[in-house]
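Visitor: Here is the input, now give the coordinates:
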Amino acid sequence: MNSMTGYGRAQGNVAGRQITIEVRCHNHRFKDVRVKLPRGWMALEVPTEKLIRNWLGRGRAECSVRSASGSSSIGIPRLDQNCAGEYLRTYQELADLVKEQTGESQTIPLSLVAQAEGVVVFGEGLGDQDSGWSQLEELLQVALGEAARMRLAEGQELAREFDLRLSEIEKLHQEIQKMIPQESESLRERTSERIQTLSGQVEVSQERLAQEMAILSERMDVTEEVTRLESHVVQFRKLMTRKEPVGRELDFLLQEMNREVNTLSSKMHSPVIVTRAVALKAEIEKVREQIQNVE
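Guide: Predicted coordinates:
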């Protein structure tokens with residue numbers, strides 16, 4: 001069982017340049033991959049995203065590639081003179097219009113032209129694309145390996161926490177099981193006394209009394225709820241040992257556990273049972289809070 005949270009990092013040489021790769025994994029309901037490559041390396045975006053998507057089971061993975069110095073631009077910057085000239089002429093027309101209408105002269109700053117889209121472009125900087133991808137893939141695998149180890153370690157920690165909570169759930173479940181026969185009999189006796197009291201005022205046949213007691217017994221029967229709750233706990237423990245993503249299945253089981261406890265407490269109104277049912281729901285909720293981080 002893996003956590004969805006993890007971090008991996010790798011440094012190395014790609015196309016003659018020192019780069020750093022970082023992979024960050026976060027909680028997410030679905031599979032979401034986001035890749036940020038340097039300008040000029042966009043040709044590698046698709047294979048990078050595909051590799052991470054195949055590695056990721058569930059959650060969000062964010063991958064960033066930058067130069068070892070921290071710059072997001074690895075390609076060689078080049079000036080597109082034609083593009084710069086068009087921007088300059090357009091800005092100058094705007095400045096002339098402002099002067100004509102307001103009488104104020106405007107100076108066109110160099111930074112305004114330089115930051116315009118397409119004025120400064122970055123060369124591919126990869127040379128042989130296949131070779132560049134091969135080198136990048138090798139480093140990416142290292143970063144993903146580190147992230148995977150962290151996700152596994154956190155998953156094991158979560159599993160230990162879940163095991164403690166499940167043990168408490170099993171303990172409360174066993175206590176309720178022991179109380180059910182006595183509480184059921186006590187409820188039948190109280191109900192029988194009420195019926196006898198009423199039958200002294202209104203004529204009630206013994207057959208009708210037997211029918212009512214049978215209906216009451218059926219309504220109070222919590223055998224199915226108790227059995228299913230126990231089965232859900234067993235299934236939960238089995239799922240925790242699986243290596244593939246199990247977060248959604250575990251979350252579903254917790255919903256079912258909560259439903260069985262609600263049904264049980266609605267049938268058995270005994271204060272001692274209701275108290276333990278509330279404690280059961282509290283333990284289930286503690287697990288549900290953490291299960292959102294399981295892949």
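
Visitor: show me where the stretch 101-250 of the chain has helices.
Guide: Taking DSSP state H, counting those that start in this stretch to define them, one finds helices in the stretch 101-250 of the chain at 110-114, 129-199, 206-220, 223-240, 247-267.

Visitor: Ok, which of those helices comes nearest residue 62?
Guide: Ranking the helices of the stretch 101-250 of the chain by their distance to residue 62 (criterion: C-beta to C-beta) puts helix 129-199 first, at 10.6 Å. In this view, the C-beta of every residue, glycine as well, is placed from N, C-alpha and C.

Visitor: so that closest one versus helix 223-240, what angle?
Guide: Relative orientation of helix 129-199 versus helix 223-240 (axes from the mean of the first three to the mean of the last three C-alpha atoms, to 10 degrees): 160 degrees.

Visitor: list the helices and strands helix 129-199 packs on?
Guide: With contacts defined as 3 or more C-beta pairs under 8 Å, 6 or more residues apart in numbering; DSSP states H and E, the secondary structure elements packing on helix 129-199 are strand 6-14, strand 17-26, helix 45-55, strand 59-67, helix 206-220, helix 223-240, helix 271-291.

Visitor: Out of the ones you listed, which is closest to residue 172?
Guide: Residue 172 lies closest, by C-beta to C-beta, to one member of the helices and strands packed on helix 129-199: helix 271-291, at 4.9 Å.

Visitor: And the closest one, what does it pack against?
Guide: Under the contact definition 3+ C-beta pairs under 8 Å, 6+ apart, helix 271-291 sits against helix 129-199, helix 247-267.

Visitor: could those be laid out in a markdown table, adding distance to residue 228?
Guide: Converted to a markdown table, the helices and strands packed on helix 271-291 look like this (distance: least, C-beta to C-beta, whole Å):
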| stretch | distance to residue 228 |
| --- | --- |
| helix 129-199 | 11 |
| helix 247-267 | 5 |
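
Visitor: among these, which is nearest residue 274?
Guide: Taking C-beta to C-beta as the measure, these were each checked against residue 274, and helix 247-267 came out nearest at 5.3 Å.

Visitor: Tell me which of the helices and strands packed on helix 271-291 is the most buried.
Guide: By mean neighbour count, with neighbours taken as mean count of other C-beta atoms under 10 Å, helix 247-267 ranks first of these at a mean of 18.

Visitor: between the helices of the stretch 101-250 of the chain, which gets the lowest average pLDDT?
Guide: Per-stretch averages of pLDDT across the helices of the stretch 101-250 of the chain put helix 206-220 at the bottom, with a mean of 60.

Visitor: Of all the helices and strands packed on helix 129-199, which one comes closest to residue 86?
Guide: For residue 86, the closest of the helices and strands packed on helix 129-199 is helix 45-55, at 28.4 Å, according to C-beta to C-beta.

Visitor: which helices and strands sit right next to that closest one?
Guide: Using 3+ C-beta pairs under 8 Å, 6+ apart as the contact criterion, the neighbours of helix 45-55 among helices and strands are strand 31-36, strand 59-67, helix 129-199.

Visitor: Quick check: neighbours of the shortest one in the sheet, parallel or antiparallel?
Guide: In this case it means strand 31-36. Its sheet considered, strand 31-36 pairs with strand 59-67 (parallel) by DSSP bridges.
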